[in-house]
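J.: kindly generate the corresponding structure for this input.
(one chain, ligands or ions: 1)
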Amino acid sequence: MLLQRLEAAYVARTPKSKQAHDRAQRVTPSGVHSNFRNFDPHPTFIDRAEGSRIWDVDGNEYIDFTMGFGCLMAGHAHPEVVKTIQDAATRGTIYAIPHERSALLAEEILKRYPFMDQVRFTNSGSETTMHAIRLARGYTGRETFIKVDGGYHGAHDPVMVWATEDGERDMLSQGVSEKALAALVTVPFNDLEAMEAAFKANPDAISAVIVEPVLLNVGVIPPEEGYLHQLLDLCHRHGALLIFDEVKTGAKLAYGGACEFYDVQPDIVCLAKAIGSGVPLGAFVSSKEIMGKIERDEVFHTGTYNSNPICMEVGLTTLKNVLTKDVYEKPFDLNSQLVDGYNALIKQHDLPAMTVGIGPNGNVYFLKDTQDVPLEDRAKHFASNHGIFDLIDHDVAKAYLLAMLEHGIIPVPFSVTCSEQWTISIQHTQADIDRHLEAFADVAVQLKEMVAEKVNV
Ligand SMILES: Cc1ncc(COP(=O)(O)O)c(C=O)c1O
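T.: A predicted model of the protein is given here:
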């Protein structure tokens, strides 16, 4: 009942979004340009955004906690970023001939990763992980690599795979090359025994392990204490490299990303999202020794748009002037308040839900059944793409999202799998957090009734 009422209210509130979607659907599959963006009954179409606010084409105003799938640690349209884009555009949008600004940005990135020597730029997270894996293979002369399950590393062939409960593989897409996948092994997160076994089963064959240091594509799942250090040790004992996919943690979890936060020094770091404040900017960072493969043209890294001047300038402004060392404390504090506020309301209403937060990110999981998996074990179950899908009550998750929208809050990206998270940017305020919690206080009551109705059916 609640879900139907909320859907009807959503449709009534967003007629222009529907029109825009109808039009887009005629010329574009599903009317969206990334499959993740589709939403039933229709996606919200955005007009503009500024600070912590976003407005849809129907004129509805929301406090946005999605921040462009986590890109916008700087918040929407940060004045310095906007000015940088305006100025940079007048000097040309692309040269595809070297210019000085790329070295300046590389130097800025290396300040955050002082144990690394060199940087190459790309245009997205997917491109970055693709090149990082290729570099690791080229450097070690080994083809097989390990993907830690629960991670998402983009849309290129060998990473488009999940492990199922029984250890089988499930491809995220048709058209992915089975042959490319032959060189892939998947291992659960936070499981060093399984990792050791995978190395032993593939002696002298593993080029690298790629891992999200905090799983941020199954909500928020932090590593267990010591896991990342021991993983690094294990990789090196077996002659493999460790690749940190910091696309969602870089310049967010700390000034120096997850490497600083956990004090770990992997062999290659992949960056994108926050370093570019929303422009298409990615980078991989490594030692001179490993990057030597690219320098000698033994591993190929190219791209027409790489290090284009606008992205370089935006990256520079973002890292040098906007996401400075001193700005992280405030959003982290606001995030703790939000997580604590959620937990208190969940407890007060005895909702089958749990919240996990870290740094500027948090997520609420709406559970199908609270009895099945003890609370302390849940993180393990969520830490796989299948686990999370099976454990989440998708109806309640959708009702939560729609009910929060009704209150003018976009709490997490439009998804009913609870596989994303909120981001508190440096432009969010105390008042934004207070409004978010006031909204959830009301929504929690509605969800409680919905859950009770479900149990009684
Ligand atoms: C950890 C991680 N790696 C890689 C990617 C792929 O990045 P992009 O969407 O820019 O290709 C994402 C996207 O969300 C991500 O979260």
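J.: what's around the residue in the chain that the ligand sits nearest to, how many residues?
T.: Going by C-beta to the nearest ligand atom, the ligand is nearest to Gly125 of the chain, at 2.2 Å. C-betas here are computed from N, CA, C, even on glycine. Residues near Gly125, counting by other C-beta atoms under 10 Å, number 25.
J.: next: Phe69.
T.: 21.
J.: and Val327, by the same measure?
T.: Count around Val327 with other C-beta under 10 Å applied: 15.
J.: check contacts around the residue nearest to it when sequence neighbours are not counted.
T.: Closest residue in space to Val327, ignoring its immediate chain neighbours: Ile426 at 4.8 Å, by C-beta to C-beta, 6 or more residues apart in numbering. Contact analysis of Ile426 by C-beta atoms under 8 Å, 6 or more residues apart in numbering lists 73-75, 322-323, 327, 330-331.
J.: do the same with His229
T.: So His229 contacts 262, 264 (C-beta under 8 Å, 6+ apart).
J.: contacting residues for Pro411?
T.: 65, 364, 400-401, 404, 422, 436, 440.
J.: please repeat the previous calculation with a cut-off of 10 Å.
T.: By C-beta atoms under 10 Å, 6 or more residues apart in numbering, the contact list for Pro411 reads 62-66, 338, 342, 362-364, 400-401, 403-405, 420-422, 436, 439-440, 443.
J.: about what we covered before: mind checking how far the residue nearest to Val327 is from Leu316?
T.: Per C-beta to C-beta, to the nearest Å, Ile426 is found 17 Å from Leu316.
J.: before we move on, back to that, return a PyMOL selection command for the buried portion of the contacts of Ile426.
T.: Command for PyMOL that selects the buried part of the contacts of Ile426, burial taken from 16 or more other C-beta atoms under 10 Å:
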select buried, resi 73+74+75+322+323+331
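J.: now secondary structure too, for the contacts of Ile426, in CSV please.
T.: Putting the contacts of Ile426 into CSV (DSSP: H, G, I helix; E, B strand; the rest coil) gives the following:
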residue, secondary structure
Met73, coil
Ala74, coil
Gly75, coil
Val322, helix
Leu323, coil
Val327, helix
Lys330, helix
Pro331, helix
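J.: how about the residues of this structure by the ligand?
T.: With C-beta under 6 Å from any ligand atom as the criterion, the chain meets the ligand at residues 69, 124-126, 129, 152-154, 212, 217, 245, 247-248, 272.
J.: can you rerun that using 5 Å?
T.: Where the chain comes near the ligand, counting by C-beta under 5 Å from any ligand atom, the residues are 124-126, 153-154, 212, 245, 247-248, 272.
J.: biggest separation within those, which pair?
T.: Ser124 and Glu212 (15.8 Å; C-beta to C-beta).
J.: who has more neighbours out of these two?
T.: Counted by other C-beta under 10 Å, Ser124 and Glu212 do not tie: Glu212 has more neighbours, with 24 against 18.
J.: show the contacting residues for the more buried one.
T.: 148, 150-153, 189, 218, 221, 223, 244-249, 258, 270.
J.: also Cys418?
T.: Going by C-beta under 10 Å, 6+ apart, Cys418 touches 218-220, 353, 363-367, 382, 388-389, 391-394, 396-397, 400-401, 412.
J.: just the buried ones out of the residues you listed, please.
T.: Those of these that meet the buried threshold are 218-220, 353, 363-367, 382, 388, 391-393, 396-397, 400-401, 412, by 16+ other C-beta under 10 Å.
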